[in-house]
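A.B. asks: output the structure for:
(2 chains)
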Amino acid sequence: MRADAPDRRDARAPSRWPPGFADGRANRRALLVLMSLPGLSPRVLLALARRESDAAACLAAVRRGRAGSERDRQLARSLQSESIEISVSETGAEFVPVGSPRYPPQLEHLSDPPAGLFMIGRPAPSLAEAVAVVGARRCSQAGRDLARSIGRDLGWAGACVVSGAARGIDTAAHEGALEAGGHTLAVLGCGIDRAQPSSTRSLLGRIASRGTVVSEYPPGVPPMPFRFPARNRLIAGLSRALVVVEGAEGSGSMISADHALDLGREVFAVPGAVSNPLAHVPNALIREGATLVRGGEDLVHDLGLHELGFPDAERAHRRPPALDVSERERAVLERLTGPLLPETVARELGLTLREIVPLLMALEMKGLVRSVGGRVEPRLPA
Amino acid sequence: MYGTVIGVTLLGVHGRPVVVEAHIGRGLPSLTITGLPGASVQDGRDRIRPAVESSGLEWPLRRIVVNLSPGNVRKEGPGLDLPIAICVLCASAQVPRDRASRLAFVGELSLRGSLVPTPGVLSAAIAASRSGLRGVVVPEANAAEAALVEGLEVVGVPTLAEAVAYLRGSPKPRPVAPPPPQPQQEPEVDFAEVRGQAQARRALEVAAAGGHNVLMVGSPGAGKTMLARRLATILPALSRAEALEVTQLHSIAGLLGSAGLRSARPFRSPHHSISLAGLLGGGGSYLRPGEVSLAHHGVLFLDELTEFHRDAVEGLRQPLEDGRVVITRAAGSVEFPARFTLVAAANPCPCGYEGDPRRQCRCLPHRVQAYRHKLSGPLLDRIDIRLVVPRLSKAELLGEAAGEPSARIRERVQEARERQRRRYGPTGFPCNAQLPGPLARREARISAGARDVLARAVDSLALTGRGFDRAIKVARTIADLDGADQIAPEHVAEALSYRMSLSEESLIRAG
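C.D. replies: Down below sits the predicted model:
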């Protein structure tokens, strides 16, 4: 599923928008109104722009009733671009219309690129730096740990972790990148001021101060499930590669992977046991040709990030110090293939439950094993 | 026209002799009861005359005043029907006074004059014996429990007429000997039937050995109820004094039937809709022991802990702390013993499948958090052993042999308890779980290696102060099961595996 290497491809594709579409103050203001109309999707707006040449002309067409729905027409007449500008600046965001130097050029690969973005924080990363990490919101503890470590490895390698700031895998990936002091970018499916719940708001605060928060919706747009697939297309569009960590059947991770494939981005997936419902999407993707990765190290290697000038010596000091693991503990670790009952591990090693419990506890105290739901599973070294 | 006999009223679990006097005087036919009769005694007023008349005896058609003394104690319970009837018959010279004077009478009458099974007869018999009476006249159905009191003559009679006949000099209807010590009844359930769940089985053995309370968290169908039911079968056998207490409480609650001594440990599992009064005791005028007291010396199992009313769960704190319940009313307070092992069970999340590798949890994170919040709180502090009970797959079940029979586990438990009794003898604490934290730390005898494990756990497992104390107590119990004088590192390691955090993240072990 590796498409022809995307970094060789020209990141700055010819713009789909007419030249000068959003140039000048009048056009920018008209575009703000156009982007606030719920009936005017990026695809419809793009078609209109091709007909009308610039944003002010598009707005006039909508106001005259030559495009958009009746509701859009009424809204377009009543909306004041000044009040939108004020609400944008109140959130601390910057409006980045297409054609602006801050507009990420890789989004032009999309068939329906947004006409503008609302951004907080650092400029968006270039295509070569950005790697998307996505997965289930209701994920396992192991998935959360893995996403965090991938985020950390990418951060250390100098890549920017792109994700959707949702609970679960998304949050863990962002956190990992922040821990490594790396750049991370969150794409929201709602207005930049409307993120829920409070734990996500605090995460976004940290991302905004060290990375980038992006939305194609003006402030005040509430988070609704139908906007998440649209957000997923931006995640895929911004990144050179996409990694799926966990995803149950029918989850949004599959949509993100489809977008990535349409755009010719590389798709990676972390496999899981076939009996694990959360491994459904990654396993299905691997079967279709996605590259299997076992963690951040594989990813860094496959993406050639280690060649970007981050010496191995630097990575070496990040490795956790070798833990003092006894021979019997090592034998337990080797048997621990997935979540297993302690008595099962004991039987496989020919030990009693009374003998295995202290070994497991010692491993747990060294952070190598964790007990979840009455079973024990291996844990990535933190 | 005056007569007097002895009856017994109940104050909590204890009987209290009551002097019943009757005076028959001139006036319109009536029956007045004075001396703080409770509603259940007043209620008997209209029952007694028909019962006397149905028995072929004569009810004096004059003004009758019955007085219950001492006058400052509220009298409760239907057991005063019989002494009032006998007293009226004494006063009207239908029963010779001398034979009635050294007996206590307990029993509820029916309109036909028969004596129906009456709650609290054992407590009444104990009170009669303590106050030096020769014997007690009780309903035939309750004779077996009354006969448990040594050195007390028990006259079990089916009707008022037979009671009167006995007092008039006919021989005892049927001599009641103390029932032969019942052979230890084989409990209906046994640990041998449990397949798999080795960890939970072991944890319950530890709980039984140290008297620790248990919380089991697991998906529906994991076997939490099945395991809890079997905890009662591995607790040490009841001593005679304990069995008497249990029998007394069950008698007061009217649950004894015609059985004698309750020798099996009680297992009570009230439904989660239970009221505060149902759980702790109380009720209308006649104070009934609650489920906590019916579980005295046994197991109280609260399935679906989160579904219980908040005030009911909060109300468990006093019995868990003191081993008794005090119910205070305007008229005074009443105490019931309530020293039980608490076993609480709950799902890991509202849908029940959080942490299950084969089924996805469908709960929103904030719902899980709210649910976990309900589980934690002050009650959790009193629970030393917290277990995750996994739902086993077919393969996991098939690999497991059937478990050890309860009787074998009970032997080990009994030895461990014996060891604790010897150690704590002078302090009066019966088992490790009931030891206060500082004393537990002093008495635990922790080896240097075990101390090292504990110290590391504080850092690497984020063990809290309370979690530390709990781990020591449980480790002490595990060492007692091993017959070890000192707590070894592996005892601490096992104790540390019986903890669980109820964080929103996932159902993982933590301090």
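
A.B. asks: quick check: residues of the stretch 251-382 of chain A near chain B?
C.D. replies: The stretch 251-382 of chain A has residues A:275-278, A:338-339, A:341-344, A:347, A:353-354, A:357-358, A:360-362, A:364-367, A:370-375 near chain B, with proximity defined as CB under 8 Å from any CB of the partner chain. Every residue, glycine included, has its C-beta placed from N, CA and C.

A.B. asks: show the buried residues in those.
C.D. replies: Those of those that meet the buried threshold are A:276-278, A:339, A:341-344, A:347, A:353, A:357-358, A:360-362, A:364-366, A:370-375, by 16 or more other CB atoms under 10 Å in any protein chain shown.

A.B. asks: which parts of the stretch 1-150 of chain B are helices?
C.D. replies: Assigned helices in the stretch 1-150 of chain B, in chain order: B:39-42, B:45-54, B:81-91, B:97-100, B:121-130, B:143-146 (criterion: DSSP state H, counting those that start in this stretch).

A.B. asks: in strands, which of the residues of the stretch 251-382 of chain A next to chain B appear?
C.D. replies: Among those, the members falling in strands (DSSP state E) are A:370-372, A:375.

A.B. asks: close enough to count as contact, residue B:435 and residue B:443?
C.D. replies: Yes - taking contact to mean CB atoms under 8 Å, the distance of 6.9 Å between residue B:435 and residue B:443 places them in contact.

A.B. asks: neighbour-wise, which of those two wins?
C.D. replies: The residue with the greater number of neighbours, taking residue B:435 and residue B:443 and applying other CB atoms under 10 Å in any protein chain shown, is residue B:435; the counts read 25 against 17.

A.B. asks: nearest spatial neighbour of that one, chain-adjacent residues omitted?
C.D. replies: Nearest in space to residue B:435, with sequence neighbours left out and distances taken as CB to CB, 6 or more residues apart in numbering or on different chains, is residue B:429 at 5.3 Å.

A.B. asks: point out where the chain drops to low pLDDT.
C.D. replies: Going with chain A. Low-confidence segments of chain A, defined by pLDDT under 70, are located at A:1-14, A:306-323, A:380-382.

A.B. asks: other chain: chain B
C.D. replies: Of all residues in chain B, those with pLDDT under 70 make up the ranges B:172-187, B:284-286, B:330-331, B:501-511.

A.B. asks: from it, which residue is nearest to chain A?
C.D. replies: Closest residue of chain B to chain A, CB to the nearest CB: residue B:355 (2.7 Å).

A.B. asks: that residue reaches residue A:371, doesn't it?
C.D. replies: No - in this structure residue B:355 lies outside contact range of residue A:371 using CB under 8 Å: 9.8 Å.

A.B. asks: what do the two both touch?
C.D. replies: With contacts defined as CB atoms under 8 Å, 6 or more residues apart in numbering or on different chains, the residues adjacent to both residue B:355 and residue A:371 are residue B:388.

A.B. asks: show the contacting residues for residue B:236.
C.D. replies: B:208, B:410, B:413-414, B:417.

A.B. asks: what about those, which are in helices?
C.D. replies: When helices are assigned by DSSP state H, the members of those inside them are B:208, B:410, B:413-414, B:417.

A.B. asks: report how many residues lie close to residue B:328.
C.D. replies: For residue B:328, the neighbour count with other CB under 10 Å is 10.

A.B. asks: am I right that it falls within a strand?
C.D. replies: Yes - applying DSSP: H, G, I helix; E, B strand; the rest coil, one finds residue B:328 inside a strand.

A.B. asks: for residue B:360, give me its contacts.
C.D. replies: With contact taken as CB under 8 Å, 6+ apart, residue B:360 is in contact with A:138, A:248, A:277-278, B:353.

A.B. asks: from the chain's centroid, how far away is stretch A:37-48?
C.D. replies: In this view, stretch A:37-48 has its centroid 24 Å away from the chain centroid, taken as CA atoms, centre = their mean, to the nearest Å.

A.B. asks: tell me the residues of the stretch 151-300 of chain B that contact chain A?
C.D. replies: That would be B:196, B:198-199, B:202, B:218, which are the residues of the stretch 151-300 of chain B within reach of chain A (CB under 8 Å from any CB).

A.B. asks: okay, among the residues you listed, which ones form the most distant pair?
C.D. replies: Greatest spatial distance among those (CB to CB): B:202 and B:218, at 15.6 Å.

A.B. asks: the two: which is more packed in?
C.D. replies: residue B:218 (26 against 22).

A.B. asks: would you confirm that the more buried one contacts residue B:354?
C.D. replies: No - in this structure, residue B:218 is not within contact of residue B:354 by CB under 8 Å, at 10.2 Å.

A.B. asks: what do the two both touch?
C.D. replies: residue B:348.

A.B. asks: can you lay out the helices of the stretch 1-150 of chain B as a markdown table showing mean neighbour count and distance to residue B:5?
C.D. replies: Output for the helices of the stretch 1-150 of chain B, formatted as a markdown table (neighbours: other CB atoms under 10 Å in any protein chain shown; distance: least, CB to CB, whole Å):
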| stretch | mean neighbour count | distance to residue B:5 |
| --- | --- | --- |
| helix B:39-42 | 17 | 15 |
| helix B:45-54 | 18 | 13 |
| helix B:81-91 | 27 | 5 |
| helix B:97-100 | 14 | 5 |
| helix B:121-130 | 26 | 12 |
| helix B:143-146 | 27 | 17 |
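
A.B. asks: could these go into TSV alongside distance to chain A?
C.D. replies: Converted to TSV, those look like this (distance: least, CB to the nearest CB, whole Å):
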stretch	distance to chain A
helix B:39-42	50
helix B:45-54	57
helix B:81-91	56
helix B:97-100	65
helix B:121-130	43
helix B:143-146	44
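
A.B. asks: hmm, back to that, so which of the residues of the stretch 151-300 of chain B next to chain A belong to helices?
C.D. replies: Per DSSP H, helices hold the following members of those: B:198-199, B:202.

A.B. asks: which phi and psi does residue B:289 have?
C.D. replies: Residue B:289 adopts backbone torsions of phi -70, psi 140, taken as degrees, to the nearest 10.

A.B. asks: got a list of what it touches?
C.D. replies: B:13, B:249, B:252-253, B:281, B:336.

A.B. asks: list the beta-bridge partners for it.
C.D. replies: Taking DSSP bridges, one finds residue B:281 as the beta-bridge partners of residue B:289.
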